[in-house]
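1. Provide a 3D model corresponding to the input given below.
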Amino acid sequence: MEGAPDGDGTGRSWMVQMMNRPVILLFGMPRSGTTWIGKIFDSHPETLYRHEPDSYLPLEGVPLLISGEGETYSEQLRRYVIRLIGCRAPVVTTKRPLFRKRYLPLHRDLAYRTSVYLSVAFGRLDRRFQLATFNPLGGRKGNDIALVWKSIESLGRLGAFSGCLPFCRGVHIVRHPCGYVNSILKGEEQARFFNEIRASEGYRVFEKLLRTETGRGYGLTLEGLKALTPIERLAWRWVLFNEHAMRETAARENCMTVRYEDLCLDPEGVTRQLFVFCGLEWNRQTAAFLRRSTQGKDGASYYGVVRDPRQAAFQWREQLNEEQIEAVHSVTRASRLGALYQDMEE
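-> Residues are numbered from 1 along each chain as shown. Purely as a prediction, here's the structure:
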């Protein structure tokens, strides 16, 4: 592990010091607005942003879905977070746009930006070539800097992680089930995902979901899911993942749920609420990014963060047909999570 001293006693003392920092977990399902929200938090001048590290630097031995406190994994998780502080992996550190940070002198900011653009350029020439980026913190502990961890991999771990990490704030990001389904279908049609298995056919994941308390509560079986249409299976995937996360975070005061659509309808108002919850002050740089990122046009980049938020939030109403929408609703109406969006149903 980069920068960690040897020896259990010294290493543990160093780890305790390094963990005396706020950690903000922005977890949600794929295609739920997590990247935009992640960059909103990155725009804060006192955060250190890490983009989907658990998708590229796996948490070995930690289940995808955790029920209960998760103390079994607390030591491993804390060491992983420290690893993220010094991470230089391009896939985790080069997500743009880049933002000015108060804790960075101008020369370190310039070195970091240069390393990012060089890494991106080399990666375009040869994807196998991974040029490590400059670590902006250097040897600093930076305990006053909030680490922001954005993930589409660990939603099922949110409850356990938020209980294991001191000074943690967990944000569960939810998108309307029809918006989620529509975006997944569009991404698969355009071959946007690296995973060759369609989300509706990810039966290994479904098996894990069915073993959770949420899955058992619905009495679902894998055979029963296989008999459904792909859209119905995607709807159940939405229900089971999100309901598990809500169940596991319900009693945690350091966790909150935010609907992507609420952010789209009131970007500054909802962002201010999120920042208050996470102990971050409002700032001009975030306000400027919100204005810039919400002035996009229809047909924006699939993974982009500049778009018309209202159009992005509700385009499923034009892009899904009535039969597809009803297939989603037939599942969510029967779920405990369906009430989350009753106010937005036509």
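2. Shouldn't residue 170 be within a strand?
-> Yes. Checked against DSSP: H, G, I helix; E, B strand; the rest coil, residue 170 lies within a strand.
3. out of everything not next to it in sequence, what's closest to residue 231?
-> Computed as C-beta to C-beta, 6 or more residues apart in numbering, the closest residue to residue 231 that is not its neighbour in sequence is residue 327, at 4.4 Å. To be clear about C-beta, it is placed using only N, CA and C from the backbone, and glycine gets the same treatment.
4. how many other residues sit next to the one you found?
-> Neighbour count of residue 327, defined by other C-beta atoms under 10 Å: 21.
5. what do you get for the one 5 residues further on?
-> By the criterion of other C-beta under 10 Å, residue 332 has 22 neighbours.
6. What distance do you get for it to residue 242?
-> Using C-beta to C-beta, to the nearest Å, we find residue 332 at a distance of 10 Å from residue 242.
7. Kindly report the same for residue 126.
-> To residue 242, residue 126 is 38 Å away according to C-beta to C-beta.
8. ok, those two, which is more surrounded?
-> Neighbour count, other C-beta under 10 Å: between residue 126 and residue 242, residue 242 has more, with 26 against 8.
9. Let me know whether that one touches residue 174 as I believe.
-> Yes. Here residue 242 reaches residue 174: they are 5.6 Å apart, a contact under C-beta atoms under 8 Å.
10. Mutual contacts of those two, please.
-> residue 29 (C-beta atoms under 8 Å, 6 or more residues apart in numbering).
11. sorry, back to before: which residues are in contact with whichever helix or strand the residue nearest to residue 231 is part of?
-> Applying DSSP states H and E as the criterion places residue 327 in helix 322-332. Contacting residues not belonging to helix 322-332 are listed as 177-178, 181, 229, 231-232, 234-236, 238-239, 316-317, 320, 338, 341, 345 [C-beta under 8 Å, 6+ apart].
12. Check stretch 106-122 too.
-> With C-beta under 8 Å, 6+ apart, stretch 106-122 has contacts from 90, 93-94, 96, 98, 100-101, 104, 129-134, 136, 138.
13. out of these, who's nearest residue 49?
-> Among the contacts of stretch 106-122, residue 93 lies closest to residue 49 (C-beta to C-beta), at 8.4 Å.
14. Next one: residue 82 from residue 124, what distance?
-> With distances taken as C-beta to C-beta, residue 82 is found 31 Å from residue 124.
15. Between the two, which is the more surrounded one?
-> Neighbours around residue 82 and residue 124, counted as other C-beta under 10 Å, are more numerous at residue 82. The numbers are 22 against 9.
16. Look at the more buried one and give its secondary structure.
-> Reduced to three states by three-state DSSP, residue 82 is helix.
17. avg pLDDT for stretch 150-157?
-> For stretch 150-157, mean pLDDT is 97.
18. cool, and stretch 259-267?
-> Stretch 259-267 comes out at a mean pLDDT of 97.
19. Now, of the contacts of stretch 106-122, which are buried?
-> Buried members of the contacts of stretch 106-122, counted by 16 or more other C-beta atoms under 10 Å: 90, 93, 94, 98, 101, 104, 133, 134, 136.
20. Can you tell me which of those is nearest residue 263?
-> Using C-beta to C-beta, the buried ones among the contacts of stretch 106-122 come closest to residue 263 at residue 98, 21.8 Å.
21. Bridged to the spatially most central residue of the chain, which residues?
-> The C-alpha lying nearest the average C-alpha coordinate of the chain belongs to residue 151 (C-alpha atoms, centre = their mean; 3.0 Å). Beta bridges link residue 151 to residue 27, judged by DSSP bridges.
22. got any ranges where the protein has weak pLDDT?
-> 1-20, 138-143, 191-194, 297-303, 346 (pLDDT under 70).
23. where do the strands sit along it?
-> Applying DSSP state E to the chain gives strands spanning 23-28, 47-51, 146-151, 168-174, 255-259.
24. Deepest in the core, which of the ones you listed is it.
-> Mean neighbour count, computed with mean count of other C-beta atoms under 10 Å, is highest for strand 23-28 among the strands of the chain, reaching a mean of 26.
25. what does that one contact?
-> Taking C-beta under 8 Å, 6+ apart as the rule, strand 23-28 contacts 34, 37-38, 41, 47, 81, 146-152, 154-155, 157-158, 161-162, 165, 167-175, 245, 260, 278.
26. And for stretch 180-194?
-> Residues outside stretch 180-194 that contact it (C-beta under 8 Å, 6+ apart) are 29-32, 175, 198-199, 231, 234-235, 238, 302-303, 315-316, 319-320, 324, 328.
27. Narrow those residues to just the buried residues.
-> When these are checked for burial by 16+ other C-beta under 10 Å, the buried set is 29-32, 175, 199, 231, 234-235, 238, 315-316, 320, 324, 328.
28. Perfect, that will be all.
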